[in-house]
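J.: got a predicted structure plus its sequence, pasted below:
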Amino acid sequence: MLFGYLNQILVNGQTIQPIERTIGKLHISIDPRMEILSAIQLLTYHPGQDRNLPYSKDMLNYFEPFLSLEAATMTSALMQEYGFGRDAPVSFMLYLSQPLELEQRIEFAYHLKERSGGGDNLEQYRGAIKQFAETSNFEAFWNSKIPYYNQILDLTIANIGERDLVMVLEDYFNDTKDGFNIIIIPSFSGGVGASITDADGKEKIYACFQDGADLFYLVWHEFGHSYVNPVTAKYHDRLEPLDNLFEPIMSLMGRQGYINSETCVNEHVIRAVGVRLYELHLGSQQAKALLEKELLEGFIYIEPLIEKLKEFENQRDKNNVTFLEFYPELLNVLDSLLSIEEYWKQFDLNFKGPIYGSIFDPKIAFIYPTYDLDTDILKIAREVASQIYDLFLNFKECILLADTTALKTDLSKYGIMAYGTIESNLFLKRFAYGFPFKIENQTIYADKEYTDKDLKFITCAPNPFNPLKGMTIHTALSNRAIQGINEAYLTNDFEFLSNDYILFLNRETVISNGFYKKDEKWTF
């Protein structure tokens, strides 16, 4: 195997170059633009970053003195006000030159402007990141990690072995692309794909993920977006009827960031392709395991698509049919499922947690308490509920309700965020018989008994009006104690909320957390 090799140490303020390798058409790198972004996101508890890794802790120790810089405050603001998260910040960085210059190279795509509040915000963010890189002496951190970056890339090359990942994709889709780029982001959580058309008109596609990740799955999945997404967009007018198909799984999809029919179609098709690639190149056992994983995650229409893809493979091999030409047949499969009454009922789609599941629902109902003789305390409880309602109002369909109103409202299409003690929130009191915990006599009975008056308790359960959707309960022994219960939401620290229950004094002092046993009734 032949590969290009480059590592460059910054000297006298010159441009920092990526650490990179090349295998045929596949370019693999650790990119300084992404490491600057990672440092900023780690400081702001961004959900796209894993703070528990040794490398992440090194980053936090080095960059923490620069938390007050505009780049950090803008990262939080863009996420909270516009939902500028997941793939958007990564794609944004690809439009910039390497540091320390960080100048805009090409016109920002429309979807980036739309998701950030406009081009002016993007330009301000670019300038803030440039300032962050300069003020923090980013190049010193980068230089100190070059041996580690080289080690990561060497291991990645070894994991790929002799398999040509690019040829596998181009042969499958019967279509070629200009450039395939893997960017390893050592502190990253999950994976994202991006496609950028450079000033020379050439399309370059990117798969970005953490080192040590499921390499084949993420490469094929993220590169697959560049084949599938543009074709789906061409058939946008055919997607509206599919809303009825995806409505039963929209809560599951929403918790994974897929909030409309177009993204759900893309994910189903790409994941179906992934299963076929596993079958063809890694074996039937691995393909079966991947299919089971995708079904558990809610991609319930994947099996009919897999069967149709077998027809595509046959036509491709016999008649040189491209994926683009065959694609309407996949939409026909989804159309046909609309005529099968309640196809989705054969799958267990009931809400199973975790805590943060409810806030990823496209529709959220926030419920505050009204039953407490201390009206000042009730005001505090309402303000705590309003705090997160205001946070999500800009990019979700949210309603704020008193408990008495909630009991008279059809909330079957909402994820629920309920606040207050069980006695003071009449909505919670009405459905408390079904909770796996109970609170009485100034004691929380959970995995064990708790009597600390300052203890905060966040937990989840199915929405009592619709078990497909979730309810997150924010409670304590008193409404005064729930002050500060929203800290993890405000800092985008979804890792903190990734269990089914958590008892804590503050984000640094967790007393207990874990997952329920979920049989017919949830139990500790």
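T.: Here it is on my side, so go on.
J.: what residues sit buried inside stretch 191-209?
T.: 191-196, 204-209 (16 or more other Cβ atoms under 10 Å). All C-beta spots, glycine's among them, are computed from the backbone N, C-alpha and C.
J.: now do it: everything it contacts.
T.: 34, 48, 86-87, 90-91, 94-95, 105-106, 177-185, 188, 190, 210, 213, 218-219, 221-226, 229-230 (Cβ atoms under 8 Å, 6 or more residues apart in numbering).
J.: how about the helices in the stretch 1-150 of the chain?
T.: Per DSSP state H, counting those that start in this stretch, the stretch 1-150 of the chain carries helices over the ranges 32-43, 54-63, 70-82, 87-94, 110-116, 119-135, 138-144, 146-160.
J.: so which elements touch the longest strand along the chain?
T.: When the chain is parsed with DSSP state E, its longest strand is strand 466-476. Where contact means 3 or more Cβ pairs under 8 Å, 6 or more residues apart in numbering; DSSP states H and E, strand 466-476 is packed against helix 250-254, strand 415-419, strand 456-463.
J.: and the contacts of whichever strand or helix holds Phe223?
T.: Assessed by DSSP states H and E, Phe223 sits inside helix 215-234. The contact list for helix 215-234, computed with Cβ under 8 Å, 6+ apart, reads 156, 159-160, 163, 165, 168-169, 173, 175, 177, 180, 182, 191-193, 195, 203, 205-209, 239, 262, 265-266, 269-271, 273-274, 277-278, 281-282, 290, 323-324, 327.
J.: quick one, which of those residues are buried?
T.: Buried members of those, counted by 16+ other Cβ under 10 Å: 156, 160, 165, 168-169, 173, 177, 180, 182, 191-193, 195, 205-209, 239, 262, 265-266, 269-271, 273-274, 277-278, 290, 323, 327.
J.: what is the mean pLDDT for the longest strand of the chain?
T.: For strand 466-476, the mean per-residue pLDDT is 94.
J.: could you dump it to PDB, C-alpha only?
T.: Provided in PDB are the C-alpha atoms of strand 466-476 (Å, rounded to 0.1, in the frame of the first residue of the first chain):
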ATOM      1  CA  ASN A 466     -48.800   8.400  24.100                       C
ATOM      2  CA  PRO A 467     -46.200   5.800  25.000                       C
ATOM      3  CA  LEU A 468     -44.300   6.500  21.700                       C
ATOM      4  CA  LYS A 469     -43.300   9.800  23.200                       C
ATOM      5  CA  GLY A 470     -41.400  10.700  26.300                       C
ATOM      6  CA  MET A 471     -41.800  12.700  29.500                       C
ATOM      7  CA  THR A 472     -38.900  14.200  31.400                       C
ATOM      8  CA  ILE A 473     -39.600  15.000  35.100                       C
ATOM      9  CA  HIS A 474     -37.700  17.700  37.000                       C
ATOM     10  CA  THR A 475     -38.500  17.400  40.600                       C
ATOM     11  CA  ALA A 476     -37.100  17.600  44.200                       C
END
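J.: strands paired with that strand, and their directions?
T.: Paired neighbours of strand 466-476 in the sheet (DSSP bridges): strand 415-419 (parallel), strand 456-463 (antiparallel).
J.: for the shortest one, give me every contacting residue.
T.: So that's strand 415-419. 251, 254, 357-361, 363-369, 381-382, 384-385, 388-389, 425, 427-428, 463, 469-475, 482, 485.
J.: mind listing what's buried along stretch 472-492?
T.: Buried residues in stretch 472-492, counting neighbours by 16+ other Cβ under 10 Å, are found at 472-479, 481-483, 485-486, 488-489, 492.
J.: then stretch 218-229?
T.: Neighbour counts over stretch 218-229 (16+ other Cβ under 10 Å) mark 218-229 as buried.
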